[in-house]
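>>> sequence? don't have it. structure:
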């Protein structure tokens, strides 16, 4: 068994035993599948211990005969689908296998379609058509990709745990700050996603989904440890504030596996994108947390919240704000020496009013931006409804949390203010308010980043 043919969408490539090929839709893939169900780095084909092996590292999975597979020896012709059971079929055929032979599929047999080409393609000519002029000189195959789930455990035990717990004990909680350049980081696709479809769910079910999609971010910076909130908006992207992720050397992500239970550290992340002027950022999941022994495959499915349309929200409407403000409790250490994390909080309130987010030509722009915040003036002019002001209970640590209506994100919390806050001054107030950025001004930006 000296080589293997890989047939994708009518195109054939040949891989030799010293070569490894990555299949996916990303630019780094050796064999590309332009299908939204396929991950950027979806699977790897390599030769080891006398056999070809297909290893899955995706969020959507690799499927054979209706069953999801993670590691599949390829000793005979194998047919799989990547991303879902309905995705295009891929055929892997080791050298010496008769393509016209009857192939066993599950509990019955079927005869595969006749091969589409007479001439064998040149080695790893990436997806060259079966009937074509001689293939061009192949590009070198990249080094083997090591899926995050099969890499050595990232938990360094007491070293990392002691560092985080020590910082908690000494520093307490501050505003969440973190940025990671991401250089040299291989993005790992997390477990399959549970996408929330708000329409058919009851109000109680939508709230449960929102709780599970909300995450706590623990960020280590040169100044210590700080926390903030966020929510999954795709299978591997979390929406939060820019000021929550400014300057980080490490971002750990805590989620809950059951409603109203303390969150647990599960993922690690890095900054993927920052909004050009709003106090918003997206954090990408890049692997498992240093403080968990679980693999990505064992973590379960992250729940994703859809972005709603804040332009339909009116003054007086009821909202729900989720996150981990200081009212949820400080980070602490339990009697076993383990890091104790809080339960997701939910606060209900009403939209009090909308105030503008200032444009750069607005002479009062400086006073209308939250002091110390990371929001910038808008180059194209004022955003008339750029601040959603609500009366729900909030606090530090809640920054980046989702504000939801009917199970969809209609705003992102970024600040709290008192009656003397510049944004709400000029009126008598009996207490504080919470400030959030409406989704009508960032929904397209999130969609563009998610689409890649």
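Looks like it came in fine. On a predicted model such as this, the values are computed, not experimentally measured, just so you know. Residues are numbered from 1 along each chain as shown.
>>> quick check on the closest residue to residue 262 other than its chain neighbours: phi, psi?
Spatial nearest neighbour of residue 262, excluding adjacent residues (Cβ to Cβ, 6 or more residues apart in numbering): residue 341 at 5.1 Å. C-betas here are computed from N, CA, C, even on glycine. Main-chain dihedrals, residue 341, degrees, to the nearest 10: phi -110, psi 160.
>>> ok, residue 341 - contacts?
With contact set as Cβ atoms under 8 Å, 6 or more residues apart in numbering, residue 341 has these partners: 216, 254, 262, 263, 264, 265, 331.
>>> please apply the same query to residue 402.
Counted by Cβ under 8 Å, 6+ apart, residue 402 has contacts 210, 213-214, 229-231, 239, 305, 321-323, 409, 411-413.
>>> now, those that are in strands?
Cross-referencing the contacts of residue 402 against strands under DSSP state E gives 214, 229, 230, 231, 239, 321, 322, 323, 409, 411, 412, 413.
>>> and which of those residues is nearest to residue 356?
Set against residue 356, the nearest of these by Cβ to Cβ is residue 411 (14.8 Å).
>>> isn't that closest one right up against residue 388?
Yes. Judged on Cβ atoms under 8 Å, residue 411 makes contact with residue 388 at a distance of 4.7 Å.
>>> which neighbours do the two have in common?
310, 313, 319, 403, 436, 437, 438.
>>> go through those and give me the one with the most neighbours.
residue 403 (30 neighbours; other Cβ atoms under 10 Å).
>>> any idea of the pLDDT on that residue?
We have a pLDDT of 97 for residue 403.
>>> give me the element it is part of.
Taking DSSP states H and E as the criterion, residue 403 maps to strand 402-405.
>>> tell me which strands that strand pairs with, and in which orientation.
strand 318-323 (antiparallel), strand 408-417 (antiparallel) (DSSP bridges).
>>> any chance you could map the helices in the chain?
Using DSSP state H, the helices of the chain run over residues 158-171, 203-213, 365-368, 443-451.
>>> and the third one, which residues are buried?
When you say that, I think you mean helix 365-368. 365, 368 (16 or more other Cβ atoms under 10 Å).
>>> same deal with the last one?
Under the neighbour-count criterion of 16+ other Cβ under 10 Å, helix 443-451 has 443, 445, 446, 449, 450 buried.
>>> what do you get for stretch 15-32?
Quick answer for stretch 15-32 (16+ other Cβ under 10 Å): 15, 19, 20, 21, 22, 23, 24, 25, 29, 30, 31, 32.
>>> ditto for stretch 76-87
Neighbour-count burial for stretch 76-87, counted by 16+ other Cβ under 10 Å, picks out 77, 78, 79, 80, 81, 82, 83, 87.
>>> what mean pLDDT does it get?
81.
>>> what is the end-to-end distance of that stretch?
End-to-end distance for stretch 76-87: 21 Å, by Cα to Cα, to the nearest Å.
>>> before we move on, what about stretch 381-400?
By Cα to Cα, the extent of stretch 381-400 from end to end equals 24 Å.
>>> looking at the helices of the chain, which has the lowest confidence?
Comparing mean pLDDT over the helices of the chain, the weakest stretch is helix 158-171, at a mean of 41.
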